[in-house]
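>>> curious how this folds, go ahead:
(chains A, B, C, D, E and F)
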There are 6 protein chains.
Amino acid sequence: MRKDGRNEAELREIEITRNYTKYAEGSVLIETGDTIVLCNVSIEDGVPYFLRGQNKGWLTAEYSLLPRATQERNIREAARRKLSGRTQEIQRLIGRSLRAVIDLNKVGEKTIWVDCDVLQADGGTRTASITGAYVALVDAINYLLKEGQLKENPLTDYMAATSVGIVDGKPLLDLCYEEDSQAQVDMNMVMTESGEIIEIQGTAEKYPFTRDELNRLYDLAEKGTAELIEMQKLALVGE
Amino acid sequence: MRKDGRNEAELREIEITRNYTKYAEGSVLIETGDTIVLCNVSIEDGVPYFLRGQNKGWLTAEYSLLPRATQERNIREAARRKLSGRTQEIQRLIGRSLRAVIDLNKVGEKTIWVDCDVLQADGGTRTASITGAYVALVDAINYLLKEGQLKENPLTDYMAATSVGIVDGKPLLDLCYEEDSQAQVDMNMVMTESGEIIEIQGTAEKYPFTRDELNRLYDLAEKGTAELIEMQKLALVGE
Amino acid sequence: MRKDGRNEAELREIEITRNYTKYAEGSVLIETGDTIVLCNVSIEDGVPYFLRGQNKGWLTAEYSLLPRATQERNIREAARRKLSGRTQEIQRLIGRSLRAVIDLNKVGEKTIWVDCDVLQADGGTRTASITGAYVALVDAINYLLKEGQLKENPLTDYMAATSVGIVDGKPLLDLCYEEDSQAQVDMNMVMTESGEIIEIQGTAEKYPFTRDELNRLYDLAEKGTAELIEMQKLALVGE
Amino acid sequence: MRKDGRNEAELREIEITRNYTKYAEGSVLIETGDTIVLCNVSIEDGVPYFLRGQNKGWLTAEYSLLPRATQERNIREAARRKLSGRTQEIQRLIGRSLRAVIDLNKVGEKTIWVDCDVLQADGGTRTASITGAYVALVDAINYLLKEGQLKENPLTDYMAATSVGIVDGKPLLDLCYEEDSQAQVDMNMVMTESGEIIEIQGTAEKYPFTRDELNRLYDLAEKGTAELIEMQKLALVGE
Amino acid sequence: MRKDGRNEAELREIEITRNYTKYAEGSVLIETGDTIVLCNVSIEDGVPYFLRGQNKGWLTAEYSLLPRATQERNIREAARRKLSGRTQEIQRLIGRSLRAVIDLNKVGEKTIWVDCDVLQADGGTRTASITGAYVALVDAINYLLKEGQLKENPLTDYMAATSVGIVDGKPLLDLCYEEDSQAQVDMNMVMTESGEIIEIQGTAEKYPFTRDELNRLYDLAEKGTAELIEMQKLALVGE
Amino acid sequence: MRKDGRNEAELREIEITRNYTKYAEGSVLIETGDTIVLCNVSIEDGVPYFLRGQNKGWLTAEYSLLPRATQERNIREAARRKLSGRTQEIQRLIGRSLRAVIDLNKVGEKTIWVDCDVLQADGGTRTASITGAYVALVDAINYLLKEGQLKENPLTDYMAATSVGIVDGKPLLDLCYEEDSQAQVDMNMVMTESGEIIEIQGTAEKYPFTRDELNRLYDLAEKGTAELIEMQKLALVGE
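Numbering: from 1, shown residues only, chains lettered A, B, ... in the order given. Take a look at the predicted model:
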């Protein structure tokens, strides 16, 4: 049994609220346990310089922690006038993961901005961002389809992300912050509905880990992302 | 009658939610109409360099718009690597206004951070930030008193802020974005419970305005801030 | 009687020198007491991106303190690689105030740069900047008219700015630095020749102030700006 | 058979030159095929602020491409005045990987700087950086031991890194740039001598990949890193 | 005969105004023809980190062009958020040149800031800066001596700077902007009273130049700096 | 006799390796004693904004020290997010010197990037950069001629650079770091094959120097650059 009463292969409670703000083409507030992320998807005409004239779209993501999303207040990156390495790593991961399930050739010269702003952080903010942003992306695509701005749906698959890790020698699904800070292995996985891998990132925080441990973490992640995709589908039912 | 059915001297609907996030010493979500601001107050030990050794506290504010808080997505200031003049002006106003109702000599060498992050912007974000931040500040001070970190309450007065303006020749209270963008005079006022002025900032957007118009705007602002202070008090009743 | 022998409603001595430098289309050195500001107005073809194709002009202002304009040397903003909030607030105020008396639709696609560089600061640098810049703007507009680059005069009114404040309980006109640093209320007003308001910015530095005090400060500011406009007119007589 | 004549499980030719420059405590030039990286390890007294007083060391890495290390010249990050996300991601990976094989409690309050500068890039620069930096780290540690600045060897294991990927449906070891740019899966693995995982990072560039493909890539990486560790050992024989 | 009536070995008219501003320990406005530079010298307690504890002083210089000091307005470096290479080159030259005539061991742990701000630029701004800053430095040192903050005078020599160049094949002393922009050789020299060299910087703008030409430029510079030193001495007579 | 056995007018040993990297149009590794610089010349279509439409080329240089090129590690300028004054001064010197021997009117709208990256620094890095970059430039020009991208050779002369200085009262050719750090005069000269001056930069590090000393330094530099040009020619023989 874990601190919060979950068993090893159990996700935290998930809440997915669509249309959280009124301006964004897709706007989702995702809560996984005490982690809360606002995922807004915006559509802009035009693409960055390096893609012009190719009749292709672009999708890019930005991620930020509000200053008091964390236990101790963290300094705003705007005030520091630079993005931390951690932030850049996470926003690259979010963008890359979402680009894996969209055919940008079907989007035309549009830019899809994905903004993930963490209101409260209790572990797993990057995977919650991906899982929530996917739902907001579906909403934004549906908006474009309804408006006639897209002819066909460019999305190619469902997808979700979760964290897994080894704490006190035990593989666990969906680490909260306290577990994460004690983990000896920390792994983030982004997977499709059929359990294929979009991204796997595993780090030995304290000791190297074995192939067998990798396999056990894989099993947990497969189970977790499958459940998350179910919840995404439920949230997407009905307007 | 205004677009949204209000009369000239009527505030938009206000919702004040305390304890919105779990880490901050004071955390308030304020909604005024469709403007939504998360106001978090954090307490840190120590003061900036220029105040050290004076046994005084410091209070400073930061303000930010989430990228899709607005109708068109705005570029993150962290990505631009600089704060806009507008942002700096607003955060200086928030900090100055709150410092006017707190005796920092009673706070000891602590820094009070006030973070106002706009989730959705529909006019009046700076005044909503001040009004909400005041409530979060009360909560943070009460926390310090309860923890025994403060001996006496350093707050000296109630306060709230509102915008007033002249649209189509008519003085109006609490402008929404659409009204604000057509206003010929735009004024922000921060006032105490007794109707005294903490800050007055009025700008002729299209034509200079007269002393008589200033007086009529003053009347509206006095009424509006008095009502806002009533709502702050209601929100602060009970834990 | 004040430290420098003035009465409460008396401006400091003003000197306005036109054509101070030889390159700028308008170049004014304004001295108000020991505050010295060089106000240069430059005309450039073209407008910023957001205005292109609208056949309108643009006016923008920049403000800077030379490093030893002040009692203690201040670090150059170029060396810090950022503009302070104070600088941005002031340059926005200067630009906004001047835009209130010029019809940019009559200027064509030109940018009017207003550079206010403070050589020596003894209080009231932002209001001296506005008052001096107005004269330099008149000279630059006259230059454009003479050169046939403008058909009609786009200026719509005279204007000047002054500071007022409450020191030791007494409302005073045109504060020097020493008075300013002890003021309990500090207010800047930009007004037209007819006494209408372009901008009003009042701040309670120590205690909130009353409506009655606001009215007394208004009276002083009205008197002061009227006198300043007289001096601008005198300076503008003859080439 | 691959373009350059290798079979699927074959590394490119490796050259490890120790003591490449004369100042650094450890200095290795590593060439893997046409990829050339200079890995310098520097020792400095003191640790960053957040570690002071804990009697622990710190290891941090920086990575950079020379402007013409690539086919097209890339703009210097110093000229852009920011680090790209890619650079930050890579230098965080290098640092994290090396920290996994050193016990910083045995280092005292010293900072170990690892600088990986890519002179020529033909794929696999981040894994070559890690493999080369490890050898330079061994040299720097041996220098400290010989100088009596360390009492015992803080290194806990051998380690090396390699890239693997799927190109045209086939799993390949050690991708060159041309292969890498066509890969549908791209994976970097950092492993210990016993084949345990320090870091695994796999990305679906075109299509999601299966667990079976992951396993085949793992096999290749295990073989490759084992061979690289043999070459590191050979290079380290003798002074 | 040159455009402005001077012969080849003739300086432009020089005006040196001491005590131009009231706060700086040394404040000189130097005008050489139409080039106008404000040179302020400020004294601060303390030295930069790398000099602490050595009981030595430090002297450093900063240089800036006001935006409309030039024929076309130039963008502020504070707005660009970086110093140009030209600015950095010039301020390094000014600082190095002045450090050559002061014994910083006699100054104690003080920092001497030299600020050269160009109000109007018509060629030779860097040499005018040096020549004017030297006079301001003398005033600042005399102030410190009078205040008893220095025991003995740390200045070791007189010095001045001038530009020389070859225009249309003819060596000329003290180029104005128009001459400078056509020069085929451009040389700046900083010299002592006895005609020794502190700094020589010569550049072939169009064609390489010969040793003979170097010698003729040297002669001109020697004459020019000797005359400038006479004018500095005259300016320094009397308070 | 000097520390390293050279006499006063003797260069350090020189090694010039052409085609050091495979991508650059010209790539030279130059070693002068223990100073090692990689000089890469890249050709890009197009010119900077200020030159467009003039059918002229542009040549610009960048210079950087690798972090551990020096005895103590120096912080990367990319990490500091600004270029030091020293770096900017050197890269301006390299660019200006090379532009003196190329007729950019014969290059068309191309940009020639010269990148000088110092792998190891033992004095004279800027002059080694110029001497090596000249050879890389010849290779890049020959490449363009061979490819038919240029009709005629735009190079107008041979050129090389060396440092000279006065150490312990004695004029020396080609200072190593240890000599340089003790020099009382430090001078860099860039000269053509015929001994004419492209650039002369002499600084009194400790005491002003005399005209006679300047002449003796000139003699040494003339001898040194003539020898360097011989070595450049030898290196350029054959492919």
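>>> how about residue A:85, nearest residue that isn't a chain neighbour?
The shortest distance from residue A:85 to any residue other than its chain neighbours is 3.7 Å, reached at residue D:88 (CB to CB, 6 or more residues apart in numbering or on different chains). Placement of C-beta: from N, CA and C, glycine included.
>>> that neighbour and residue D:62: what is the separation?
The gap separating residue D:88 from residue D:62 is 10 Å, by CB to CB, to the nearest Å.
>>> is the residue nearest to residue A:85 in contact with residue A:90, as I believe?
No - look at residue D:88 against residue A:90 with CB atoms under 8 Å: they stay out of range, at 11.1 Å.
>>> of these two, who's got more company?
residue A:90 (26 against 23; other CB atoms under 10 Å in any protein chain shown).
>>> which ones are touching the more buried one?
By CB atoms under 8 Å, 6 or more residues apart in numbering or on different chains, residue A:90 lies in contact with A:63, A:125-126, A:129.
>>> and these as TSV, adding neighbour count?
Converted to TSV, these look like this (neighbours: other CB atoms under 10 Å in any protein chain shown):
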residue	neighbour count
A:63	26
A:125	23
A:126	23
A:129	28
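>>> point out the residues in chain A that sit beside chain F.
Within chain A, the positions near chain F by CB under 8 Å from any CB of the partner chain are residue A:82.
>>> tell me the residue of chain A that sits nearest chain E?
residue A:81 (8.9 Å; CB to the nearest CB).
>>> ok, back up a step: so which of the contacts of residue A:90 belong to strands?
residue A:63 (DSSP state E).
>>> relative to chain B, which of the contacts of residue A:90 is nearest.
residue A:63 (10.1 Å).
>>> so the residue nearest to residue A:85 belongs to a helix, correct?
Yes - assessed by DSSP: H, G, I helix; E, B strand; the rest coil, residue D:88 belongs to a helix.
>>> show the pLDDT at it.
Listed pLDDT for residue D:88 reads 96.
>>> now do the one 3 residues further on
pLDDT, the model's per-residue confidence, is 97 for residue D:91.
>>> roughly how far does the residue nearest to it when sequence neighbours are not counted sit from residue D:127?
Leaving aside its sequence neighbours, residue D:91 sits nearest to residue D:63 (CB to CB, 6+ apart; 4.3 Å). Using CB to CB, residue D:63 is found at 12 Å from residue D:127.
>>> what do you get for residue A:132?
Taken as CB to CB, the span from residue A:132 to residue D:127 is 33 Å.
>>> which one of these two is surrounded by more residues?
residue A:132 (34 against 30).
>>> Three-state assignment for the residue of chain A most remote from its centre, please.
Computed with CA atoms, centre = their mean, the residue of chain A farthest from its C-alpha average is residue A:53, at 30.0 Å. Here residue A:53 is recorded as coil under three-state DSSP.
>>> what's the answer for residue A:144, then?
helix.
>>> who's in contact with it?
Counting by CB under 8 Å, 6+ apart, residue A:144 touches A:25, A:43, A:110, A:150.
>>> repeat for residue A:210
D:196-197.
>>> average pLDDT across the helix or strand containing residue A:189?
Using DSSP states H and E, residue A:189 falls within strand A:185-192. Average pLDDT, strand A:185-192: 98.
>>> got it, and stretch A:163-182?
97.
>>> that one vs chain B: in contact?
No - judged by CB under 8 Å from any CB, stretch A:163-182 stays clear of chain B, getting no closer than 10.6 Å.
>>> that older thread, distance check, the residue lying closest to the residue of chain A closest to chain E once chain neighbours are set aside against residue E:136.
Nearest non-adjacent residue to residue A:81, counting by CB to CB, 6+ apart: residue B:81, 4.5 Å away. Plainly put, residue B:81 is 36 Å away from residue E:136 if you go by CB to CB.
>>> compare these two and say which is more crowded by neighbours.
The residue with more neighbours, out of residue B:81 and residue E:136, is residue E:136; 29 against 19, by other CB under 10 Å.
>>> what are the phi and psi values at the more buried one?
Here is the backbone geometry of residue E:136 (degrees, to the nearest 10): phi -60, psi -30.
>>> residues contacting it?
Contacts of residue E:136 by CB under 8 Å, 6+ apart are E:18, E:24, E:26-28, E:39-41, E:114.
>>> contact residues of chain A facing chain C?
So chain A meets chain C at residue A:81 (CB under 8 Å from any CB).
>>> how about the strands in chain A?
With DSSP E as the criterion, chain A has strands spanning A:14-18, A:26-32, A:35-45, A:58-65, A:110-120, A:159-167, A:170-173, A:185-192, A:197-204.
>>> who touches the first one?
It stands for strand A:14-18. Counting by CB under 8 Å, 6+ apart, A:27-32, A:132, A:135-136, A:139, A:228, A:231-232, A:235-236 sit against strand A:14-18.
>>> all set now, cheers.
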